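Chemist: Sequence and predicted structure are below.
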Amino acid sequence: MADAWAGGSIGTFTERDVADALTARLGLSPAQRGEFLADLWREYLAQTVFVDDHEPWAAGARQAGIHAVLHRDNAQTISDIEALLAR
């Protein structure tokens, strides 16, 4: 899948191309492919940290399953991110 991931990262493969490659190479049915991609997306979101100084945007990120830090000052933001990384 290295070619598909690399191609997707530079814009030569579409999301559909990656999904088709997964289906073909892993022998997944369309339903299995959907479940597999949903699991990958959830894992990706769980490892993402969104930082913003506007609480509604941070709340929206949390609602989407993304860790969010409300930025008030640099020291606090760094401390909050370090706390997330220590989990």
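Modeler: Looks like it arrived, so ask away.
Chemist: Flag every buried residue along stretch 63-76.
Modeler: For stretch 63-76, burial by neighbour count (16 or more other C-beta atoms under 10 Å) applies to 66-70. C-beta here means a position set from N, CA and C on the backbone, and glycine is covered the same way.
Chemist: Which one of those residues is nearest to residue 77?
Modeler: Using C-beta to C-beta, residue 69 is the member of the buried residues of stretch 63-76 that lies nearest residue 77, at 5.7 Å.
Chemist: Report whether the expected contact of the closest one with residue 58 is present.
Modeler: Yes. Between residue 69 and residue 58 there is a contact at 7.1 Å, judged by C-beta atoms under 8 Å.
Chemist: tell me, what's touching the two both at once?
Modeler: Common contact partners of residue 69 and residue 58 (C-beta atoms under 8 Å, 6 or more residues apart in numbering): 50, 52.
Chemist: can you map out the strands along the protein?
Modeler: Taking DSSP state E as the test, the strands found in the chain are 49-52, 67-70.
Chemist: Would you mind giving the domain segments of the protein?
Modeler: Domain segmentation of the chain under automatic domain parsing yields 1-47, 48-87.
Chemist: which one is residue 53 nearest to, not counting chain neighbours?
Modeler: If the residues on either side of it in the chain are set aside, residue 53 comes closest to residue 71, at 4.4 Å by C-beta to C-beta, 6 or more residues apart in numbering.
Chemist: low-confidence ranges in the chain?
Modeler: Along the chain, segments meeting pLDDT under 70 span 1-11.
Chemist: any chance of the strands of the chain in JSON lines, plus distance to residue 30?
Modeler: Below are the strands of the chain laid out as JSON lines (distance: least, C-beta to C-beta, whole Å):
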{"stretch": "strand 49-52", "distance to residue 30": "31"}
{"stretch": "strand 67-70", "distance to residue 30": "31"}
